[in-house]
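>>> Next input, structure requested:
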Amino acid sequence: MADGPSTGALEKDTNGDALWVWCYPSVTAELRSLLLRKCCLTDENKLLHTFVFGQYKRSWFYITTVEVQESPALKKVTHFSIVLTAKDFNPEKYAAFTRILCRIYLKHGSPVKMMESYIAVLTKGICQSEENGSFLSKDFDARKAYLAGSIKDIVSQFGMETVILYTALMLKKRIVVYHPRIEAIQEFTRTLPALVWHRQDWSILHSYVHLNEEEVEALKACTGYIAGFTDSEVNSRPDLYDVYVNLADSEITISPVVKEAMTMGKLHKEIGQLIVQSAEDPDKSDSQVIKDISLKTKEILATLASLTEVSDVNEKPTLNSETLKQKRFPPATENFLFHLAAAEQMLKL
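The predicted structure is shown next:
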């Protein structure tokens, strides 16, 4: 995988062949075949996905695909994709940038002009041109990207069951999401990390995964994750998930492996009600809903912190399970706090 950022172009010609035509600075063979799989030019179903994004081995990829109509510069080309890889999660930023690169490519049909803009953005954070539009990196901050999805939409689809997703994320479990439409998957999965806002960790997101050996192996190397699939076969891969979300049918399934850790009780009901009430309030924005959930999370983490002790100045606090037992919490609450301490690496081994 290319460590640094890179960009490239793939074309589909009038014979229906899709191939890499150019990349800069360089892209490994492994990554080239991955991006060819993602870019929809090789799909038999002829569906055009204008913009897709995902993560592979800690690098993000962003792909914009365009149908070529009447471009003298690209005579034998029917479609092309512009690819960017980057270290940061920011779909809006890279969608805007790849759109500009696409316009340049449509007009000139050669990578040289695209390179100029790409290098300008890489070095100065800006590229300007009258006809292709201008782009400013600093218009797109990470926090905006984190808040771009809609928690309210998720809650209106899953209601009280949203607390299952919340619990799975808090405990750093593996969530697999299935829907035949990649756009639906991306919209849904990118929003989920906001349920555990205190971590602000979008590296757990793998919004576009194929059931391909290398991709599956790379995914399995991660501890907890959110992985999006458009292939319904993933349902019969229990080795990949603790929680399975069939987005098309609005169904959430908890794997028997984590049934015990994910036991729901009074605390979960409280959290679920809080999420639903907040999300159903028409006067509240998505970011206010995220804030409400985050405040509840802080409360839970404060409770957990009060049950910890520091045995050594240089060590982080660890949970004292005796103190936890003495508190006589309801069993499901005690169980959740214990597993949360494990997820937060606060257990004495």
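>>> For the most centrally placed residue in the chain, which non-adjacent residue is closest in space?
The structure's the chain has its C-alpha centroid closest to Leu205; by Cα atoms, centre = their mean the separation is 3.0 Å. Nearest-residue entry for Leu205: Ile226, 5.3 Å, with adjacent residues in sequence omitted and distances by Cβ to Cβ, 6 or more residues apart in numbering. (Glycine included, C-beta is placed from N, CA and C.)
>>> what do you get for Gly159?
Nearest non-adjacent residue to Gly159 (Cβ to Cβ, 6+ apart): Val276, at 6.0 Å.
>>> Just the buried positions in the helix or strand hosting that neighbour, please.
Here Val276, judged by DSSP states H and E, is contained in helix 266-280. Neighbour counts over helix 266-280 (16 or more other Cβ atoms under 10 Å) mark 267-268, 271-272, 274-276, 278-279 as buried.
>>> Now do stretch 342-349: everything it contacts.
Contacts to stretch 342-349, defined as Cβ atoms under 8 Å, 6 or more residues apart in numbering, come from residues 170-172, 224, 304, 308, 316-321, 338, 341.
>>> quick revisit: closest one of the buried residues of helix 266-280 to Lys12?
Nearest to Lys12 among those: Ala279, at 41.9 Å, using Cβ to Cβ.
>>> pretty sure that closest one contacts Gln157?
No: in this structure, Ala279 is not within contact of Gln157 by Cβ atoms under 8 Å, at 10.5 Å.
>>> picking up where we left off before, check contacts around the residue nearest to the centre of the chain.
Leu205 touches 55, 89, 189-190, 192-193, 225-226, counting by Cβ under 8 Å, 6+ apart.
>>> Among the residues you listed, name the ones in strands.
55, 225-226 (DSSP state E).
>>> before we move on, back to that, run the chain-centre distance for the helix holding Val276.
24 Å (Cα atoms, centre = their mean, to the nearest Å).
>>> contact partners of that helix?
The contact list for helix 266-280, computed with Cβ under 8 Å, 6+ apart, reads 151-152, 155-156, 159-163, 166-167, 284, 288-289, 292-293, 296, 300, 330, 332-333, 336.
>>> cool, stretch 7-19 as well?
With Cβ under 8 Å, 6+ apart, stretch 7-19 has contacts from 20-24, 27, 35-36, 39, 41-42, 74, 76-85, 101, 105, 111, 114, 118.
>>> Just the buried residues of that stretch, please?
Quick answer for stretch 7-19 (16+ other Cβ under 10 Å): 7-13, 18.
>>> how about the helices in the stretch 201-349 of the chain?
For the stretch 201-349 of the chain, applying DSSP state H, counting those that start in this stretch gives helices covering 213-220, 266-280, 286-306, 321-326, 331-343.
>>> got it, and the stretch 1-150 of the chain?
Under DSSP H, counting those that start in this stretch, the stretch 1-150 of the chain gives helices at 29-38, 91-108, 111-124, 142-146.
>>> ranking the ones you listed by burial, who's on top?
Ranked by mean neighbour count, the helices of the stretch 1-150 of the chain are led by helix 91-108 with a mean of 21 (mean count of other Cβ atoms under 10 Å).
>>> which two in the contacts of stretch 342-349 are spaced the farthest apart?
Using Cβ to Cβ, the contacts of stretch 342-349 span at most 24.7 Å, a distance reached by Gly224 and Asn320.
>>> For Ser33, give me the pLDDT.
Listed pLDDT for Ser33 reads 87.
>>> before we move on, what about Thr191?
Per-residue confidence (pLDDT) for Thr191: 97.
>>> how about the residue lying closest to it once chain neighbours are set aside, phi and psi?
Take Thr191 and drop its neighbours on the chain: the residue closest to it by Cβ to Cβ, 6+ apart is Gly149, 2.9 Å away. Phi and psi for Gly149, reported as degrees, to the nearest 10, are phi -80, psi 180.
>>> Report pLDDT for Gly109.
80.
>>> and what of Lys291?
97.
>>> residues near it, how many?
Applying other Cβ atoms under 10 Å, we find 13 other residues in the vicinity of Lys291.
>>> ok, now the one 10 residues further on?
Each residue near Leu301 was counted by other Cβ under 10 Å, and the total is 15.
>>> Please apply the same query to Ile182.
Ile182 has 21 nearby residues by other Cβ under 10 Å.
>>> With respect to Gly133, which of the contacts of stretch 342-349 is nearest?
Proximity of these to Gly133 (Cβ to Cβ) peaks at Gly224, which lies at 38.7 Å.
>>> Look up phi and psi at that closest one.
phi -110, psi 150.
>>> contacting residues for the closest residue to it other than its chain neighbours?
Distances taken as Cβ to Cβ, 6+ apart put Lys172 closest to Gly224, at 3.3 Å, once the chain neighbours are dropped. If you count contacts by Cβ under 8 Å, 6+ apart, Lys172 has them with 204, 223-224, 343.
>>> which of the residues you listed lies closest to Glu213?
Closest to Glu213, out of all of the contacts of Lys172 and judged by Cβ to Cβ, is Thr223, at 20.2 Å.
>>> Spell out the secondary structure type for the residue lying closest to that closest one once chain neighbours are set aside.
In space, and not counting its chain neighbours, Thr223 is closest to Lys172: 5.9 Å by Cβ to Cβ, 6+ apart. Look at Lys172: counting by DSSP: H, G, I helix; E, B strand; the rest coil, its state is coil.
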